[in-house]
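*Asks:* below are the sequence and a predicted model for it; my questions follow.
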Amino acid sequence: MSLSVLTLVRGRERHLANLMRSLGEQSCLPTELVIAWMQPEPFEDLPSLPFPVKHVFVEGEDLPLAKARNAAANAASGDTLMFLDVDCIASPTVVESYSAALNEHDGICLSEVLYLPAEVTDFRGDYGVLDELGKPHVSKPRFPEFGRVEQEPDGGQLWGLSFALRKSTWQAIGGMDERFVGYGGEETDFAASAEQAGVKTYRVGGARVYHQHHPVLIPPLHNFDPILRNARLFQEKHGRWCMGYWLGQFREAGLIRWEEDGDALDVLRFPDPTEIEAARQPGTVLYS
């Protein structure tokens with residue numbers, strides 16, 4: 001099966017360069033890299049790769065993440081789609097492991113993610129250092145050993161840093177709902193749609209990626225508006241809330257009125273610039 005790697009870009013020039021270098025060192029090279037640019041112009045002097053790189057451009061002032069994923073998938077020629085966040089460095093066996101898993105399993109395959117500290121900036125091909133410094137997210141399940149694939153009973157474990165599926169399955173699910181605009185919710189909605197369609201989810205050993213550090217805000221007040229908008233849309237579609245962890249943080253800060261078992265979400269006040277800056281965490285905090 002041919003495999004296309006898809007990534008979305010707005011900013012993060014150094015992160016993208018590191019991602020591209022890691023793709024050039026895969027034990028099994030992908031068919032192509034498709035970059036969906038959510039900015040007017042691509043970066044110059046990107047690393048050269050031993051396979052084609054396609055460029056698509058997606059308009060939208062707010063982050064059009066769902067629209068960009070759909071555009072990248074439509075442009076891809078591969079039988080398999082591997083979505084890789086621009087913040088991620090791929091371990092050398094990601095493409096090989098995803099390809100092997102999807103030859104056997106028609107579903108959504110997930111990758112283990114290790115979060116890197118702020119001092120890791122330039123990728124030099126030393127994966128041992130990344131393994132040593134990277135930390136897993138405390139809320140994510142353990143992943144199997146290399147070569148093993150385990151079914152994940154909770155399809156909601158999908159997150160957009162790294163996942164793969166057959167293009168035919170992506171099309172059968174219907175891609176992502178482009179009404180989700182800005183940060184948050186579009187991946188959880190896609191996972192819910194996949195579960196409703198009977199698509200299974202798998203954890204894949206050997207498909208490890210490393211998340212490059214960027215500033216973290218807790219709570220994510222800089223994304224207050226899109227999180228609320230997308231949470232409301234998800235609740236209207238599925239009769240339940242997503243991003244409840246963040247909504248709970250907003251409620252504790254006195255910004256919203258919200259109950260998990262209700263259908264109302266009301267804004268009490270908006271965060272001010274001082275609050276937003278105060279939510280910024282030190283570089284030792286790796287994720288929200």
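*Replies:* On my side now, so go ahead. A quick note: this is a predicted structure, and the numbers were derived from the prediction, not measured.
*Asks:* quick one: Ile173 and Val199 touch, right?
*Replies:* Yes - using C-beta atoms under 8 Å, Ile173 is in contact with Val199, at 6.4 Å. The way it works is simple: take the backbone N, C-alpha and C, and place the C-beta from them, glycine included.
*Asks:* send me stretch 158-174 as PDB with only the CA atoms.
*Replies:* The C-alpha coordinates for stretch 158-174 follow below in PDB (Å, rounded to 0.1, in the frame of the first residue of the first chain):
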ATOM      1  CA  LEU A 158      -7.700   9.600  18.700                       C
ATOM      2  CA  TRP A 159      -5.800  12.800  18.700                       C
ATOM      3  CA  GLY A 160      -4.400  14.600  15.700                       C
ATOM      4  CA  LEU A 161      -0.700  14.500  16.400                       C
ATOM      5  CA  SER A 162      -0.300  11.200  14.600                       C
ATOM      6  CA  PHE A 163      -2.900   8.800  13.200                       C
ATOM      7  CA  ALA A 164      -3.300   6.800  10.000                       C
ATOM      8  CA  LEU A 165      -6.000   5.000   8.000                       C
ATOM      9  CA  ARG A 166      -6.800   3.800   4.500                       C
ATOM     10  CA  LYS A 167      -7.900   6.600   2.200                       C
ATOM     11  CA  SER A 168     -11.000   4.600   1.400                       C
ATOM     12  CA  THR A 169     -12.000   4.500   5.000                       C
ATOM     13  CA  TRP A 170     -11.400   8.200   5.400                       C
ATOM     14  CA  GLN A 171     -13.700   8.800   2.400                       C
ATOM     15  CA  ALA A 172     -16.300   6.400   3.800                       C
ATOM     16  CA  ILE A 173     -16.400   8.300   7.100                       C
ATOM     17  CA  GLY A 174     -16.700  11.500   5.200                       C
END
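*Asks:* run the chain-centre distance for it.
*Replies:* Computed by C-alpha atoms, centre = their mean, to the nearest Å, the separation of stretch 158-174 from the middle of its chain amounts to 12 Å.
*Asks:* give the buried residues for stretch 276-288.
*Replies:* The neighbour-count check on stretch 276-288 (16 or more other C-beta atoms under 10 Å) flags Ile276, Ala279, Val285, Leu286, Tyr287 as buried.
*Asks:* tabulate those residues (TSV), appending pLDDT.
*Replies:* Formatted as TSV, the buried residues of stretch 276-288 follow (pLDDT from 0 to 100):
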residue	pLDDT
Ile276	96
Ala279	96
Val285	91
Leu286	91
Tyr287	89
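*Asks:* now for those residues: which two are most distant?
*Replies:* Ile276 and Leu286 (20.0 Å; C-beta to C-beta).
*Asks:* how about the helices in the stretch 51-200 of the chain?
*Replies:* 65-75, 94-104, 127-133, 167-173, 186-196 (DSSP state H, counting those that start in this stretch).
*Asks:* show me how the chain divides into domains.
*Replies:* Domain ranges of the chain: 3-211, 221-278, per automatic domain parsing.
*Asks:* ranking these by burial, who's on top?
*Replies:* domain 3-211 (a mean of 19; mean count of other C-beta atoms under 10 Å).
*Asks:* end to end, how far does that one reach?
*Replies:* Start and end residues of domain 3-211 are separated by 21 Å (C-alpha to C-alpha, to the nearest Å).
*Asks:* repeat that for stretch 121-135.
*Replies:* 16 Å.
*Asks:* for it, the averaged confidence score.
*Replies:* Average pLDDT, stretch 121-135: 91.
*Asks:* same question, stretch 259-271
*Replies:* Rounded mean pLDDT across stretch 259-271 is 95.
*Asks:* check the nearest residue to Phe143 once chain neighbours are set aside and give its pLDDT.
*Replies:* Nearest residue to Phe143, sequence neighbours excluded (C-beta to C-beta, 6 or more residues apart in numbering): Glu112, at 3.9 Å. On pLDDT, Glu112 comes in at 97.
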